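J.: the following comprises the amino acid sequence and a computationally predicted model.
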Amino acid sequence: MTMDKSFNAGAAEARISAEWESAGAFAAGANASRTESFTVMIPPPNVTGSLHIGHAFNNTLQDILVRWHRMRGFDTLWQPGQDHAGIATQMVVERQMAERQEPNRCAIGRDAFVEKIWAWKQESGGTIMNQLKRLGASCDWSRNAFTMSGAPAAPAGEEGNFHDAVIRVFVDLYNKGIIYRGKRLVNWDPHFETAISDLEVENREVPGHMWHFKYPLAGGETYEYVERDEDGNVTLRETRDYISIATTRPETMLGDGAVAVHPDDPRYAPIVGKLCEIPVGPKEHRRLIPIITDEYPDPDFGSGAVKITGAHDFNDYGVATRNGIPLYSLMDTAGAMRADGLSYADSAAIATRAAGGEDVGDVSAVNLVPEELRGLDRFEARKRVVEAITAEGLAVTDAEGAPFVENKKIMQPFGDRSNVVIEPMLTDQWFVDTKRIVQPAIDAVRDGRTQILPEQHKKVYFHWLENIEPWTISRQLWWGHQIPVWYDEDGNQYCAPTEAEAQAQAPGKTLTRDPDVLDTWFSSGLWPIGTLGWPDDTPELRKYFPTDVLVTGFDIIFFWVARMMMMQLEIVKEAPFHTVYVHGLVRDEKGAKMSKSKGNVIDPLTLIDEYGADALRMTLTSMAAMGRDPKLGPRHVEAFRNFVTKIWNASRFAEMNQVRGGGPRPAPRHTVNRWIIGETARIRMATDEALSTYRFNDAANGLYAFVWGKVCDWYVEFSKPLFDGEFAQETRETMGWVLDQCYLMLHPVMPFVTEELWSLTGDRAGLLAHGNWPEYGAELIDADADREINWVISLIEEIRSARAQMGVPAGARLDLIVTEADKPSRDALSANAPLIGRLARVNPPQDGTAGKGMISVAAQGASFALPIGDVIDAEAETARLQKSLTKAEKDADGLRKRLDNPKFVQNAEPEVIEETRGKLTALDDDTTRLRTALAQLEAMR
RNA sequence: GGGUGAUUAGCUCAGUGGUAGAGCGCUUCGUUCACAUCGAAGAUGUCAGCGGUUCAAAUCCGUUAUCACCCA
């Protein structure tokens, strides 16, 4: 059989995938020959997702670790699965319903909607799994997990334990008091009408305005307002009957409960404790609020006075709760101004009593939105409020008397899914009191039970955990794990795994279940144990937990990694993995973040179609330097596609020379064969060293350089003359073995082409995916062979270089005259004459002297002359030799200077000194030879 | 404002104390029977600036500049 000229990735990949699958090659424990397990949990992609380049990168690295361990005989499990992705999935299905002009979710109701999502999941949820298979991911697909498996409405085929695990954990943490319900200010997404966690908020700088308004003092009171410069000199002194407030959100003025100033701010000291008037709302019901002190206002920012709207700003919320200021909610769940509750007049009356210090109790019915603004969108209300204040003359004005409005960049919170402005809202939500479970997660990393690589991410991890805030886990969505809490008519809570158990706690009461669902990350936080069958005590759980390595991007360290640490440590009291390898973000060729709006997104499937999965994987791996972002462009992938072709053709060459793989390691006599075996041992050690320290790029680039630079460039060329004669057989055996080693070591990075070559080049007992990873080492390195072959290589390079520089026609075969040679070079020369002759295009060496029309060439311990005919350009040859001489002399001078420095000899390590001496000797030899050659050239003129 | 990282060949990047490397690109040559998705030979660097530690600095420390990301 003759091999094709190149690897047809498109055709082969599908076929090989099918072979792996039908052989169950990736099943947990496949190819295991030892008891140690190796477990990797895939970061579950969203069930709505499709494979993007970040997934390709992330999963390539995991696959390398997994395949490497499987080949080494570990009991290996790579656990796949998908995340139900609450908001994202609900969004996708709602959008689809809208496109089909179907009734919306509210119209069809919760049960029908959830059923629709399940149907969608069963139809489209497998996309990313199939795409991962195209990448070559060797997950145990038979164990595919889903974070909603086993939920009450789950259809056939979606059975599983995940729902049980989630509910079990909720109930447990509830009973411990770690999960609680409370009214707090949370990030509210007005589009999805749900609370979201801090992490789901993206703060973006957007153009905005800063308005400056006057809050008149109550009863027309006045004070001396004095501003000073840094030296204390008075720069402004005037009598004011107001306090000046700057705000980017005028509509929230309606809910102000106070004005705060810094306690050390002398400008406002005279009026602290007095009342001022909010300059909005109907004149007859203007509200008065107190001027208080708090550490929060920055005296150097704006006017130094801050309006306090506790129900719509996180900083204000802190000030308000510290100072007993009521929290007045102004907006509804869609971000419109409230239209419910008491009339404005009644509300204002209550608020005024509160401002006077009276305890007015629950203010949730108080609606301080004036009737004419009720129901308006928050941004429309802002416009109206600004207009009204300006019309009334209470805007601070500039020198020309125009209202003073600063145009400036402001930081605004956006929902990461909805892209609408997040509104801080006062609502009842469920929280995890993370402070109570965070310490073990900190300790585990601090004492090294879990290591984070690269280490710089540890700092970020610690910083976040040490300042952790309560985690908002309730979501006002329908797709997700519904909170297992029921309420009776009096609002008492009953938390239990099932309604029946809750009912048993509340005999005779009518119970209603909390409609909210849990944050998606609450369930994915249980991924390591949930996928292995917990809460049941399964054999898988015992064997594969704790897992080994988590490979992930830095963007989900907080979302996911930290929470998995906290939750696993709280629930099963063990850290879920011993290593977290954090990789970078794949960027485009210019280093820009890929985004749809920039149009620079690179689709991994397109690259796979064009160049093959192996080329893409090899490219990503070669760029996976720890702590760095890979920058990917098609031309990089092309380079590695060429590499695939290269090893393919080396195999093809072997096949044409009756080389077969599958044999044992030979013990050859020829130097070339002994040399390449030693080089193979070197790359095996380097590859294992690189992989065990997660230096994926070193592994990939090392193998690339070995296969191309050592095997193809030299060994294959050296072997050609050996296929005739006494070394033919051992050369076939050696080449077969060396290529086998290449396939084995490259397989974790390039699984398809290596599997294909494995099956084409020998009679194999099994798949390469189950091949045995090599273990030999330095004992295979033959120092003599090494020295000899390196000498031969350098001689060939010297001759080629001299020929090219002197313009000798490439095809011309020259005589090789040995003008001087020591014993080792004479031996090396005679043993390898055919190799040198072929690769340098010279005739067999003969002794002689340099003469007219010759160029001179040197190797360690030997000098040669090559007659190139009458056409020799003596000038050019002089220049060539002179150039080499200058460089050699310069280098030698540098080394000599170092060796002459007594401090160097005194302080440097002995090996370094020895090495330097060696280099100098070699350079001095070169210099001598070059001088001789130049002198001869001169004499012959 | 706080933190982290980066700055090395024309481009994209490796290189954690011993006088700088790869891929791509570029120049010249080549239809030698594995491969033109190839081969051979070449050119290209004040390793961002300044200062320090050291026998020795791209590498360690300090500082400045520029860029990127994270957090407020």
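T.: Thanks, I have the structure now.

J.: check which residues of stretch A:926-941 are buried.
T.: A:926-927, A:929-930, A:932-934, A:936-937 (16 or more other C-beta atoms under 10 Å). In this view, the C-beta of every residue, glycine as well, is placed from N, C-alpha and C.

J.: that one near RNA strand B at all?
T.: No - using C-beta under 7 Å from any atom of the strand, stretch A:926-941 stays clear of RNA strand B, coming no nearer than 14.3 Å.

J.: how about A:S244: what's its closest non-neighbour residue?
T.: Computed as C-beta to C-beta, 6 or more residues apart in numbering, the closest residue to A:S244 that is not its neighbour in sequence is A:S303, at 4.2 Å.

J.: contacts only, for that neighbour.
T.: Residues in contact with A:S303 (C-beta atoms under 8 Å, 6 or more residues apart in numbering) are A:212, A:243-246.

J.: also A:W120?
T.: By C-beta under 8 Å, 6+ apart, the contact list for A:W120 reads A:89, A:92-93, A:96.

J.: top of the residues you listed by neighbour count?
T.: Highest neighbour count within these: A:T89, with 24 neighbours (other C-beta atoms under 10 Å).

J.: for that residue, helix, strand, or coil?
T.: Three-state assignment for A:T89 (DSSP: H, G, I helix; E, B strand; the rest coil): helix.

J.: my guess is it contacts A:P45, does it?
T.: No - when contacts are counted by C-beta atoms under 8 Å, A:T89 is not listed as touching A:P45 (12.0 Å).

J.: tell me which element A:R181 falls in.
T.: Assigned by DSSP states H and E, A:R181 belongs to strand A:179-189.

J.: contact partners of that strand?
T.: Under the criterion C-beta under 8 Å, 6+ apart, residues A:170, A:173-174, A:194-198, A:200-201, A:310-311, A:314, A:317, A:327, A:333, A:335, A:413, A:415, A:417-418, A:420, A:422-433, A:470, A:472-473, A:485, A:493 lie in contact with strand A:179-189.

J.: show me the shaky parts of chain A.
T.: By pLDDT under 70, the low-scoring segments of chain A are A:1, A:589-592, A:595-598, A:870-872, A:941.

J.: tell me the helices and strands packed up against whichever helix in it runs longest.
T.: Secondary structure of chain A per DSSP state H: the longest helix is helix A:910-939. Here helix A:910-939 touches strand A:854-859, strand A:862-867, helix A:874-900, going by 3 or more C-beta pairs under 8 Å, 6 or more residues apart in numbering; DSSP states H and E.

J.: which one of the ones you listed lies nearest to RNA strand B?
T.: Ranking the helices and strands packed on helix A:910-939 by proximity to RNA strand B (C-beta to the nearest atom of the strand) places helix A:874-900 first, at 2.7 Å.

J.: distance from that closest one to the middle of the chain?
T.: Distance of helix A:874-900 from the chain centroid (C-alpha atoms, centre = their mean, to the nearest Å) equals 48 Å.

J.: tell me if that helix is near RNA strand B.
T.: Yes - Helix A:874-900 reaches RNA strand B (C-beta under 7 Å from any atom of the strand) through A:891, A:894-895, A:897-898.

J.: what's the PyMOL syntax to select whichever of those residues are buried?
T.: Selecting only the buried members of the residues of helix A:874-900 next to RNA strand B in PyMOL, with burial defined as 16+ other C-beta under 10 Å, works like this:
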select buried, chain A and resi 891+895+898
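
J.: and of the residues of helix A:874-900 next to RNA strand B, the nearest to A:E915?
T.: A:E915 has its nearest neighbour among the residues of helix A:874-900 next to RNA strand B in A:L895, at 10.0 Å by C-beta to C-beta.

J.: where's the closest residue to the closest one other than its chain neighbours relative to A:D891, distance?
T.: Using C-beta to C-beta, 6+ apart and skipping residues adjacent in sequence, the residue nearest A:L895 is A:L920, 4.4 Å away. Per C-beta to C-beta, to the nearest Å, A:L920 is found 9 Å from A:D891.

J.: same question for A:R110.
T.: Here the criterion is C-beta to C-beta. By it, A:R110 lies 79 Å from A:D891.
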